[in-house]
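Enquirer: fold the following and give me the result.
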Amino acid sequence: MSYKAINIETGENQLQKGSVVSYPNRGPYGNANWRGNCTGEIIKDLLTFYKPTKFLECFAGGGTGYDVAKSLGITNSVHLDLNPQFGGFNLLEDEFPTGFDFCFSHPPYWDIIKYANNMYQIETIDVHQDISQTESYEEFIKQLDKINLKVYQSLMNGARHAILIGDVKKKGKYYSPFKDMQFFGDLESHVIKVQHNTFSSRKNYTNHSFIPIAHEHLIILKKNSVWQVPITIVKKVNKSLKESLLMTWRDILQATLQELGGKASLSEIYPIIEGTKKALKNQHWKEKVRQTLQIHSNFESVEYGVWKLSIA
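Expert: The predicted structure follows:
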């Protein structure tokens, strides 16, 4: 790849130091009032590290990537966003330009910050065009997957897609788009970026069981084939441990007694264990239950036929 278009500024590139990076300052790039704006320093490090000849930025938002490219003398770059400042490009539906050897994406972290008609105004907006307006997390992931596939298709063979994405905690539940979204291409690098000046870091929490999120994920995916697309798909399933043969008899009885409040009689224990795969494979399972209760220190006999959990 040619590197003539980029004027390398002096300073240490953090990506050359390792897979954990920290940028306390956002640099003189983009709109400082744009909520969710990432530091331009990480984009600069990516561009000076990979030396692209044609640069694509998705979710151009507050203009950070545009300013970085301009400061480095990169003239062959395209910046896409629903923001009218960047032409009102619909990443979900509009046809992507092609021929890029590097793309940087910094998508919304689900609906934590709603952009259309908040950070910028647009006269006619279909809520489905702006993925930050999506109420369902599952639908948000589907939309993100669709955009990432379109990015992959726009890249030349050998090109890379760098995605900066963060985790979200909402109503006590933890969501990780990094874990749940599909990967298109081969995972080449996974970098942890330390967050600075976040809302959670400025807030005092009365409930000290909450651990503020102070990191983001930067993943680098590489397109290594014209036709074959390596796709990493995450599928979440709920599976009962009662259906597993890997559970030991001790584990089964421990779970059973927890379900029954910590103490139960054999007549209460048997019906729960009877339908487990472990019991179905052993015609003498009742004898095995009694033996397990007797030999493990996890269980204590309260009276004849009654057992309780005894875990220090």
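Enquirer: how about the closest residue in space to His215 that isn't next to it in sequence, secondary structure?
Expert: Ranked by CB to CB, 6 or more residues apart in numbering and with sequence neighbours excluded, the top spatial neighbour of His215 is Ile192, at 5.4 Å. Bear in mind the C-beta positions are built from the backbone N, C-alpha and C, glycine included. Of the three states, Ile192 takes strand under DSSP: H, G, I helix; E, B strand; the rest coil.
Enquirer: residue contacts, Ile192?
Expert: By CB atoms under 8 Å, 6 or more residues apart in numbering, the contact list for Ile192 reads 19-21, 215-218.
Enquirer: could you identify the most distant pair in those?
Expert: The distance between the two most remote of the contacts of Ile192 (CB to CB) is 12.8 Å, for Ser19 and Glu216.
Enquirer: higher neighbour count, the two?
Expert: A count of neighbours by other CB atoms under 10 Å puts Glu216 above the other of Ser19 and Glu216, at 21 against 11.
Enquirer: can you give me the buried ones in the helix or strand hosting that one?
Expert: In this assignment (DSSP states H and E), Glu216 forms part of strand 215-222. By 16 or more other CB atoms under 10 Å, the buried positions in strand 215-222 come out as 216-222.
Enquirer: which residues of the stretch 151-300 of the chain score low on pLDDT?
Expert: Judged by pLDDT under 70, the stretch 151-300 of the chain has its weakly predicted residues at 198-209.
Enquirer: which residues in it form helices?
Expert: 177-180, 199-202, 249-259, 266-274, 277-280, 285-295 (DSSP state H, counting those that start in this stretch).
Enquirer: setting aside sequence neighbours, what's the nearest residue to the residue most central in space within the chain?
Expert: Geometric centre of the chain, nearest residue: Phe178, 1.8 Å, by CA atoms, centre = their mean. Nearest residue to Phe178, sequence neighbours excluded (CB to CB, 6+ apart): His217, at 4.1 Å.
Enquirer: doesn't Lys193 make contact with the one you found?
Expert: Yes - the criterion here is CB atoms under 8 Å, and His217 meets it with Lys193 at 7.5 Å.
Enquirer: so what's in contact with those two at the same time?
Expert: With CB under 8 Å, 6+ apart, His217 and Lys193 have common neighbours Leu164.
Enquirer: what about Ile42, how many neighbours?
Expert: 26.
Enquirer: what about it, distance to Gly261?
Expert: 52 Å (CB to CB, to the nearest Å).
Enquirer: packing partners for the longest strand seen in the chain?
Expert: If you go by DSSP state E, the chain has its longest strand at strand 155-166. In this structure, strand 155-166 makes packing contacts with helix 40-50, strand 100-105, helix 137-154, helix 177-180, strand 215-222, judged by 3 or more CB pairs under 8 Å, 6 or more residues apart in numbering; DSSP states H and E.
Enquirer: which of those sits most buried?
Expert: strand 100-105 (a mean of 24; mean count of other CB atoms under 10 Å).
Enquirer: any idea what the residue nearest to Phe178 is bridged to?
Expert: His217 has these beta-bridge partners by DSSP bridges: Ile165, Ile192.
Enquirer: residues touching it, list them.
Expert: His217 neighbours (CB under 8 Å, 6+ apart): 163-167, 178, 190-193.
Enquirer: taking these together, which two end up most distant?
Expert: Between any two of the contacts of His217 (CB to CB), the greatest distance is 14.6 Å, for Asp167 and Val191.
Enquirer: circling back: alpha carbons only: can I get the strand holding Glu216 in CSV?
Expert: Presented in CSV, the C-alpha positions along strand 215-222 are these (Å, rounded to 0.1, in the frame of the first residue of the first chain):
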residue,chain,number,x,y,z
HIS,A,215,-13.4,0.3,28.6
GLU,A,216,-14.3,-0.1,25.0
HIS,A,217,-13.4,-2.9,22.4
LEU,A,218,-11.5,-2.1,19.3
ILE,A,219,-11.5,-5.1,17.0
ILE,A,220,-9.7,-5.4,13.7
LEU,A,221,-11.3,-7.7,11.1
LYS,A,222,-9.4,-8.6,7.9
